[in-house]
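Novice: here you go, sequence then predicted model.
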Amino acid sequence: MPAALVRVCATLPTDFISFEYPAGGPAWWYDIVDDPPSPIVENGRIKLWDRPGTDVEIVPERAARYLSPEDAGFFHGSGMAGERFAMQPSAFFALLLFVGVNLLAALSGATFRPDDWYRRLVKPAWQPPDRLFGPVWSVLYLANAIAGWLVWRKTGLGLPILAYLASLALNAGWSFLFFGLRSIGGALCWILLLWLSILFQILLFWPVSEPAGMLLLPYLAWVTFATALNAELWRLNRWPVAANERARSANHDQH
């Protein structure tokens, strides 16, 4: 098989990088490329979207198995050994964008914060101290940013990333409902939607990037806990008179 089977042979049109492949099928592609993005197979070529974040790294030792003897030194002699076709913007800049999107979602929590109304609510004994929530969410937002970036590098702006952005929008809306509108029941319905969106996000991310899916597991666990806490706050405070009596009783016990 000639070296042209694995070299970049054309850009058709400018939004594609095209590779030729043998008549037997494109299975070799998954052998010679580390962590390969899914290609489009068409007219004897493997085509990749030339999108920001699409990286292709050819492993010369594996690729050599598909070359004829006269072409065996193709990669080492052409400067293509281990070459990465990295699109713009740079991967680092893209990661910063994902961190920034998560910071935008976090701004809702920074804007709508616990106030006197919240402090007067009856709370379960197992609720953690308020000072714990900020550090936990900071770690989770960073993990979510990395997870989104990992998937985006392979899929671009596809269904997984659209689901990711929708989930972040749900995340941002909870603080407004709970602390802004003081709607505990509304916030409970909202966080249930958020929980489902994170689960859907994991199901979409995992086949694309297992590390990305794993990064979201602590996020899902924390939102599961937050959902249970929201539900308990709603149960304890849904009847204002009874809630006030419980609050007075709790204050009396503390004294």
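Specialist: All right, it came through fine.
Novice: quick one, longest helix in the protein?
Specialist: Secondary structure of the chain per DSSP state H: the longest helix is helix 184-208.
Novice: next structured bit after it?
Specialist: Later in the chain than helix 184-208, the nearest helix or strand by DSSP states H and E is helix 210-215.
Novice: could you tell me the angle between the helix or strand following that following helix and helix 184-208?
Specialist: Downstream of helix 210-215, the first helix or strand assigned by DSSP H and E is helix 217-237. Counting by axes from the mean of the first three to the mean of the last three Cα atoms, to 10 degrees, helix 217-237 lies at 170 degrees to helix 184-208.
Novice: so which other helices or strands are in contact with helix 217-237?
Specialist: Applying 3 or more Cβ pairs under 8 Å, 6 or more residues apart in numbering; DSSP states H and E, one finds that helix 217-237 contacts helix 133-155, helix 184-208, helix 240-254. Glycine gets a C-beta too; all of them are placed from N, C-alpha and C.
Novice: in the first one, what's buried?
Specialist: I take that to be helix 133-155. 137, 140-141, 143-155 (16 or more other Cβ atoms under 10 Å).
Novice: same for that helix, what does it pack against?
Specialist: Helix 133-155 sits against helix 91-111, helix 159-175, helix 184-208, helix 210-215, helix 217-237, with contacts defined as 3+ Cβ pairs under 8 Å, 6+ apart.
Novice: pull out the buried residues from the second one.
Specialist: It stands for helix 159-175. The neighbour-count check on helix 159-175 (16+ other Cβ under 10 Å) flags 160, 161, 163, 164, 167, 168, 170, 171, 172, 173, 174, 175 as buried.
Novice: same check, this time on the fourth one
Specialist: Residues 212, 213, 215 are the ones in helix 210-215 that count as buried (16+ other Cβ under 10 Å).
Novice: so the protein: which segments form each domain?
Specialist: Domains of the chain are assigned by automatic domain parsing as 3-78, 91-254.
Novice: lowest average pLDDT across those?
Specialist: Note on these: domain 3-78 shows the lowest mean pLDDT, a mean of 52.
Novice: distance to residue 31 for the helices and strands packed on helix 133-155 - can I get that in a markdown table?
Specialist: Shown next, in a markdown table, are the helices and strands packed on helix 133-155 (distance: least, Cβ to Cβ, whole Å):
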| stretch | distance to residue 31 |
| --- | --- |
| helix 91-111 | 24 |
| helix 159-175 | 25 |
| helix 184-208 | 19 |
| helix 210-215 | 19 |
| helix 217-237 | 30 |
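Novice: for residue 128, find the nearest of those helices.
Specialist: helix 217-237 (8.6 Å; Cβ to Cβ).
Novice: any idea how far residue 110 is from residue 102?
Specialist: According to Cβ to Cβ, to the nearest Å, residue 110 and residue 102 sit 13 Å apart.
Novice: and for residue 145?
Specialist: From residue 145 to residue 102 the distance is 5 Å (Cβ to Cβ).
Novice: what sits against the closest residue to residue 176 other than its chain neighbours?
Specialist: Among residues not flanking residue 176 along the chain, residue 112 sits closest, at 5.5 Å (Cβ to Cβ, 6 or more residues apart in numbering). Residues in contact with residue 112, defined by Cβ atoms under 8 Å, 6 or more residues apart in numbering, are 175, 176, 178, 179, 180.
Novice: and the helices and strands packed on helix 217-237: which comes nearest residue 117?
Specialist: Smallest distance to residue 117 across these (Cβ to Cβ): 10.5 Å, for helix 184-208.
Novice: in the closest one, what counts as buried?
Specialist: 184, 186-188, 190-191, 194-195, 197-198, 200-202, 204-206, 208.
Novice: so which bits of stretch 114-121 are buried?
Specialist: Buried, per 16+ other Cβ under 10 Å, within stretch 114-121: residue 121.
Novice: I meant stretch 91-101, not that one.
Specialist: The neighbour-count check on stretch 91-101 (16+ other Cβ under 10 Å) flags 91, 94, 95, 97, 98, 99, 101 as buried.
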